[in-house]
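Engineer: only geometry, no sequence info:
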C-alpha cells in the first residue's frame, strides 16, 4: 500500500494505558511501514511529574514502526491544544494523519482501514473524517462501513483539505446554529453534543473534538465509520482527562478487516436509525442508572485512597 499516513499518538500521565495502546498498535499489519509520532504533554502538577516521566520512559523504547519520533513538551499544553498542534504539524508535512490517544486498543486491521479509506475518499470533499470507533449497535442490516454526520474521537483520520475547515473559535461556531441545526447536530436531541458546545463556551470542558465535529457539520461534511468498532477505549476507569467511570461505550473489537466502503456519499439512514436507538437506550432503566452511579462513586472513592 502506497502513501501511508503518519500516526500521531498523544500521551500524558498514564503509563499502563500508553503501554497497552502501543502494544496493540504494533500488532497492526501496517505498523512496520508506518511513521509514528508520539506527542508527550508536560506535567500540569508536581504530582503528575512522576507519571509523565514513567510514560516518557516507555515511549522512548517504542520500536517496530518504520520510524518513531517522540515530541516532548516542557510545559502542559492540555489535551486539546496538544491534539490541534500535533495534527496541524503532521497535516502540513504529510497532508493526512491518523490520530490516537493513549487509551485505545486497536484491531490488527485498524491502520489498514484508515489508509484504505484515506486513499478511497481522498478527492471526495464532503467526506471529512474517518472514525474507527462505533457504538455497540444492534442491527443486522448494516454494511461493513457507512457514512454518518458525527465525528468520533477514539481513533480517527483526516486530510489537509478537511482539516483546513477546523474552526477553534467556539463563538464563531455557535453563531451559525439555529434551532433546527442544533437538533440535527445533537442527533434529534438524543446526544448531548450541543450541551458540550455550551459547556466549552463556559469553560467547563476543553474539548477539541466537539469543535471539530461542529466544523464538519457546518460545512455539510460527513464521516466514515465501521459498523463494528475497530477500537475500544480502555480509559473509562477514572484516569482520563474527559472520561468518567462507566461501561456504556465498551465494545467487542471487530476481528475482521473492512473491505467494503459505501459508494453513495450520503448519510446512511439505517445506520442513523441504529445509532439513534442506541443513544436513546444507552443508559438503561432507573435501576441500572442508580447501580452505575453507585459503582462510579465507589470506584472514585477507592481510587483516591
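Structural biologist: Perfect, I can see it now. No experiment lies behind these values; they were computed from the predicted model shown.
Engineer: Please count neighbours and contacts with C-alpha atoms only from this point.
Structural biologist: Fine.
Engineer: what about the strands in this protein?
Structural biologist: 7-11, 35-40, 67-72, 96-101, 104-106, 127-131, 145-148, 156-159, 222-226, 231-233 (DSSP state E).
Engineer: Residue 165 is nearest to which of those strands?
Structural biologist: strand 127-131 (9.3 Å; C-alpha to C-alpha).
Engineer: Switch the strands of the chain over to JSON lines; also include distance to residue 59, mean neighbour count and mean pLDDT.
Structural biologist: Converted to JSON lines, the strands of the chain look like this (distance: least, C-alpha to C-alpha, whole Å; neighbours: other C-alpha atoms under 10 Å; pLDDT from 0 to 100):
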{"stretch": "strand 7-11", "distance to residue 59": "9", "mean neighbour count": "23", "mean pLDDT": "98"}
{"stretch": "strand 35-40", "distance to residue 59": "7", "mean neighbour count": "22", "mean pLDDT": "98"}
{"stretch": "strand 67-72", "distance to residue 59": "7", "mean neighbour count": "15", "mean pLDDT": "98"}
{"stretch": "strand 96-101", "distance to residue 59": "13", "mean neighbour count": "24", "mean pLDDT": "98"}
{"stretch": "strand 104-106", "distance to residue 59": "15", "mean neighbour count": "25", "mean pLDDT": "97"}
{"stretch": "strand 127-131", "distance to residue 59": "24", "mean neighbour count": "27", "mean pLDDT": "98"}
{"stretch": "strand 145-148", "distance to residue 59": "32", "mean neighbour count": "23", "mean pLDDT": "98"}
{"stretch": "strand 156-159", "distance to residue 59": "21", "mean neighbour count": "25", "mean pLDDT": "98"}
{"stretch": "strand 222-226", "distance to residue 59": "29", "mean neighbour count": "26", "mean pLDDT": "98"}
{"stretch": "strand 231-233", "distance to residue 59": "19", "mean neighbour count": "24", "mean pLDDT": "96"}
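Engineer: Okay, now the unreliable bits of the stretch 1-150 of the chain?
Structural biologist: Within the stretch 1-150 of the chain, the stretches with pLDDT under 70 are 1-2.
Engineer: for the stretch 201-305 of the chain, same thing?
Structural biologist: Looking at the stretch 201-305 of the chain by pLDDT under 70, you get 236-247, 283-305.
Engineer: where along it do the helices fall?
Structural biologist: 208-218, 269-281, 286-304 (DSSP state H, counting those that start in this stretch).
Engineer: Check the stretch 1-150 of the chain too.
Structural biologist: 15-26, 46-59, 79-94, 110-120.
Engineer: and the shortest one, how far from the chain's centre?
Structural biologist: Translated: helix 110-120. Distance, stretch centre to chain centre, for helix 110-120: 16 Å (C-alpha atoms, centre = their mean, to the nearest Å).
Engineer: Just list what it packs against, helices and strands only.
Structural biologist: When contacts are defined as 3 or more C-alpha pairs under 8 Å, 6 or more residues apart in numbering; DSSP states H and E, helix 110-120 sits against strand 127-131, strand 156-159.
Engineer: so which of those gets nearest residue 49?
Structural biologist: Using C-alpha to C-alpha, the helices and strands packed on helix 110-120 put strand 156-159 closest to residue 49, at 28.6 Å.
Engineer: and that closest one, how far out from the chain's middle?
Structural biologist: In this view, strand 156-159 has its centroid 10 Å away from the chain centroid, taken as C-alpha atoms, centre = their mean.
Engineer: that older thread, generate a markdown table for the helices of the stretch 1-150 of the chain, with distance to residue 207 as supplementary columns.
Structural biologist: Output for the helices of the stretch 1-150 of the chain, formatted as a markdown table (distance: least, C-alpha to C-alpha, whole Å):
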| stretch | distance to residue 207 |
| --- | --- |
| helix 15-26 | 20 |
| helix 46-59 | 21 |
| helix 79-94 | 6 |
| helix 110-120 | 23 |
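Engineer: Most tightly packed of those helices?
Structural biologist: Mean neighbour count (mean count of other C-alpha atoms under 10 Å) peaks for helix 110-120 among these, with a mean of 21.
Engineer: Hmm, residue 232 and residue 135 touching each other?
Structural biologist: No: with contacts counted by C-alpha atoms under 8 Å, residue 135 stays clear of residue 232, the gap being 9.8 Å.
Engineer: Looks like residue 128 contacts residue 158 (just checking).
Structural biologist: Yes: in terms of C-alpha under 8 Å, residue 128 counts as a neighbour of residue 158; the distance is 6.3 Å.
Engineer: follow-up on the earlier one: turn the strands of the chain into a markdown table, including distance to residue 170.
Structural biologist: Shown next, in a markdown table, are these (distance: least, C-alpha to C-alpha, whole Å):
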| stretch | distance to residue 170 |
| --- | --- |
| strand 7-11 | 23 |
| strand 35-40 | 25 |
| strand 67-72 | 28 |
| strand 96-101 | 22 |
| strand 104-106 | 27 |
| strand 127-131 | 19 |
| strand 145-148 | 23 |
| strand 156-159 | 21 |
| strand 222-226 | 20 |
| strand 231-233 | 27 |
